[in-house]
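1. Dropping the sequence and predicted coords here.
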Amino acid sequence: MNAKLAKYMFKRLGMALLTIFLVIVITFFTMHAIPANPFSSSTGRAISEDILKAMEAKYGFDQPVHIQFVRYLGGVLRFDFGPSISVTGSTVYDLIKGGISYSARIGFSGAAIAIILGIFLGVIAALNRGRWIDKTVQVITTALVSMPSFVMATLLLLVFGKYLRWFNTIGSQAGGLVLPTVALSLYPMAYITRLERSSMLDVLGQDYIRTARAKGLPEYKVVFKHALKNALSPVITYAGPMMAYLLTGSMVVESIFLVPGLGQRFIKSMSSFDYMMTMGVTIFLAIIIVLLNFLCDILNKVMDPRIDLG
Amino acid sequence: MEGKKEKFKNPLSLQIDPDLFAPATDEEKAMQGVDKESVSFMRDALRRLAANRLAMVCLCVIVLVSLIAFIVPSFYPYTYEKTDVQGALMPPFQYSPKEQAKIDKGQTVFPHIMGTDELGRDYAIRVIYGTRISLLVGIIAAVIVVIIGIIYGSISGFFGGRVDMIMMRIVDIIYSLPDVLIVILLSVAIKDIVRSSNSIMVMRLGAGMISIFLVFGLLYWVGMARQVRGQILSIKEQEYVLASRSIGASPARIIRKHMIPNCVSVIIIVAALQIPNAIFTESFLSFLGLGVSMPMPSLGSLASDARTSMQSRPYLLVFPALSIFLIVLSFNLLGSGLRDAFDPKLRA
């Protein structure tokens, strides 16, 4: 690791922290701009004036906004996102902890499927450019990137869960996470396939590939050692946005397959006016997304030294 | 001509032959002519686009769908909000008791092509309205992105130096914000503000729509701004810009007359790919219940509502799903067709 890379990492980390801070600011002040506070009667709950005052004092809502913000910021640093309002007795942190195991399982296996299958299909398509395999892959991936995740998820639920009955459709039961994972991974898989295909075609047309072939290297070595290594860069760049897609997409998929994960809890918090939860989950997910983006950037830089450090 | 030249005995003679300076005949002038008509970049690109059959089919689909979505509701016999409890959840081409009575009396009743929903509303017109919402969101979002992106990107690229550095830092920060999360957050907040406001305009648009436009205005233009800036930076070094500046053209005029016309290809490509993105976001929000306000249908909310009766009436899901798939697919393919047509790097 040279000094230039270290400097770049330092700069990127500063940027990431600034972004996280900005997300917290935006989230906090957006939620505070909402006219109704969580306890007011507009949420459909009749509460007497005294109790309302007491509740506000308990949660610190009677303080000026900037003091509330500093207090909240301090809490976030200790992973304390405050108490949940709709689920009495548990904190937002508890709820996140309860949901994250499902969401993480779906997210990571979805990412693994998308990356492995996507690269594989992309390479196959590029090596068979113009032949039927390539055309089939192109048609299927074009269709897949034009389908919203909820359409994909409901189709899978209908076909494999209800008609064929291959898998359990309730997410919390055994084998119930297979369909949500597949539903979530199809879009990024198709996207990666297209990326990898075009970047592979680009690399295969370069001079050093011709040199490698000319000096008599076996084809598999040319493809896997020379070409693939250099064709991976766009995929790594996409990995950050992909994780963001998986995290937010899992909200839809989880509510379709009834997975008690983070996404479903997040949606519930929005309909039950649990602003502490909405705020907490938004900030939590944003921190994960920003940190993953940071890691992908560094990984890309380490793997491909040609990238300008800027 | 050949014969005249042979008069010279000495090829090195400096004696000038006056015949060489005779005016050219019409025939000779014609030989000088360009054998291919000159084509402007725009015409050339459009010609290439027209030769791309897939892209043209997609363009036709988009035009057709837009025509249906914007014209059909004005003479369609049903509205998206009229309920009829007796005729709830009918399969396609079935009539409610009231309508059946009318038919028996000899009147003609327009069939429910896609059946009705759980409140007896005609499903076909709801899908058409949902499609209209999707198209509107896509196009307005693209317009917002184009306007802000062009202004920001061209200012940043044109002035360069410190201005550019600061402006691009801002872009970098906005670029790294998780956009979908912020859309959700804003629509949660705006939904509440909408509920407590009395403005009819705001009520009809709904929280999701407003927050999508807001977020596109706040966040999504950065991609466009980056592309435009990159393009401007390279155009800035061209001689014709120097020439223009040397005769005293103002920066605004140089941006308007030289730079933006040369950025058109980048702008078209980025804008075309922005449309499906916006449509996806809107349907995602509507599916979560954060989109358009209640009686107004959206493809996302229709699909979401259809889930409850998915097993017995899968067509309630299939129609909106198919519609959104068709629109996004067409825009995606048209977008890649535009990229092929407008990308000068691919020019043979």
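-> Looks like it arrived, so ask away. All figures in this text were calculated on a predicted structure; none of them were measured in a lab. Numbers count the residues shown, from 1 in each chain, chains lettered A, B, ... in the order given.
2. Are we agreed that A:Val87 is in a helix?
-> No - assigned with DSSP: H, G, I helix; E, B strand; the rest coil, A:Val87 falls outside any helix and is coil.
3. Burial check on it, number of neighbours?
-> A:Val87 has 18 neighbours, counted by other C-beta atoms under 10 Å in any protein chain shown. No exception for glycine: its C-beta is placed from N, CA and C like everyone else's.
4. try A:Ser271
-> Neighbours around A:Ser271, by other C-beta under 10 Å: 12.
5. Quick check: phi and psi on it?
-> phi -80, psi -20 (degrees, to the nearest 10).
6. what residues are up against it?
-> B:Gly289 (C-beta atoms under 8 Å, 6 or more residues apart in numbering or on different chains).
7. I'd like the distance between it and A:Gln264.
-> Per C-beta to C-beta, to the nearest Å, A:Ser271 is found 11 Å from A:Gln264.
8. swap in A:Gly240?
-> For A:Gly240, the distance to A:Gln264 - C-beta to C-beta - is 24 Å.
9. and if you look at B:Asp343?
-> Per C-beta to C-beta, B:Asp343 is found 43 Å from A:Gln264.
10. out of these two, which sits in the busier spot?
-> Legend: neighbour count by other C-beta under 10 Å for B:Asp343 and A:Gln264, higher for A:Gln264 (23 against 14).
11. Check the offset of the strand or helix carrying the more buried one from the chain's centre.
-> A:Gln264 is part of helix A:262-271 when elements are defined by DSSP states H and E. Centre-to-centre, helix A:262-271 and its host chain are 16 Å apart (C-alpha atoms, centre = their mean, to the nearest Å).
12. what element comes up after the longest helix anywhere in chain A heading to the C-terminus?
-> When chain A is parsed with DSSP state H, its longest helix is helix A:92-127. Going down the chain from helix A:92-127, the next helix or strand is helix A:132-144, by DSSP H and E.
13. Determine the angle, from 0 to 180 degrees, between that next one and helix A:92-127.
-> Put simply, helix A:132-144 runs at 150 degrees to helix A:92-127, going by axes from the mean of the first three to the mean of the last three C-alpha atoms, to 10 degrees.
14. I'd like to know which elements whichever helix or strand comes after helix A:132-144 is packed against.
-> Per DSSP H and E, the first helix or strand lying C-terminal to helix A:132-144 is helix A:149-156. Judged by 3 or more C-beta pairs under 8 Å, 6 or more residues apart in numbering or on different chains; DSSP states H and E, the packing partners of helix A:149-156 are helix A:178-204, helix A:233-257, helix B:260-287, helix B:299-306, helix B:315-342.
15. in the last one, what counts as buried?
-> Spelled out, that is helix B:315-342. By neighbour count with 16 or more other C-beta atoms under 10 Å in any protein chain shown, helix B:315-342 contains the buried residues B:316-321, B:323-339, B:341-342.
16. Can you give me the end-to-end span of stretch A:259-275?
-> 22 Å (C-alpha to C-alpha, to the nearest Å).
17. what's the spacing between that stretch and its chain's center?
-> The answer for stretch A:259-275 is 17 Å, by C-alpha atoms, centre = their mean.
18. Which positions within it qualify as buried?
-> Result for stretch A:259-275 [16+ other C-beta under 10 Å]: buried residues A:259-270, A:272-275.
19. and if you look at stretch A:2-17?
-> For stretch A:2-17, burial by neighbour count (16+ other C-beta under 10 Å) applies to A:8-9, A:12, A:15-16.
20. Same list, those residues, but only the ones touching chain B.
-> Near chain B, judged by C-beta under 8 Å from any C-beta of the partner chain, the entries from the buried residues of stretch A:2-17 are A:15-16.
21. Residues of the stretch 201-348 of chain B that sit close to chain A?
-> Residues of the stretch 201-348 of chain B found near chain A (C-beta under 8 Å from any C-beta) are B:276, B:280, B:283-284, B:287-290, B:300, B:303-304, B:307, B:310-311, B:314, B:317, B:321, B:324-325, B:328-329, B:332-333.
22. For the residue in chain B positioned nearest to chain A, which non-adjacent residue is closest in space?
-> Taking C-beta to the nearest C-beta, chain A has its nearest neighbour within chain B at B:Leu329, 3.9 Å off. Using C-beta to C-beta, 6 or more residues apart in numbering or on different chains and skipping residues adjacent in sequence, the residue nearest B:Leu329 is A:Ser146, 3.9 Å away.
23. where does the stretch 1-150 of chain A dip in pLDDT?
-> Scanning the stretch 1-150 of chain A for pLDDT under 70 picks out A:1, A:35-48, A:55-56, A:58-61.
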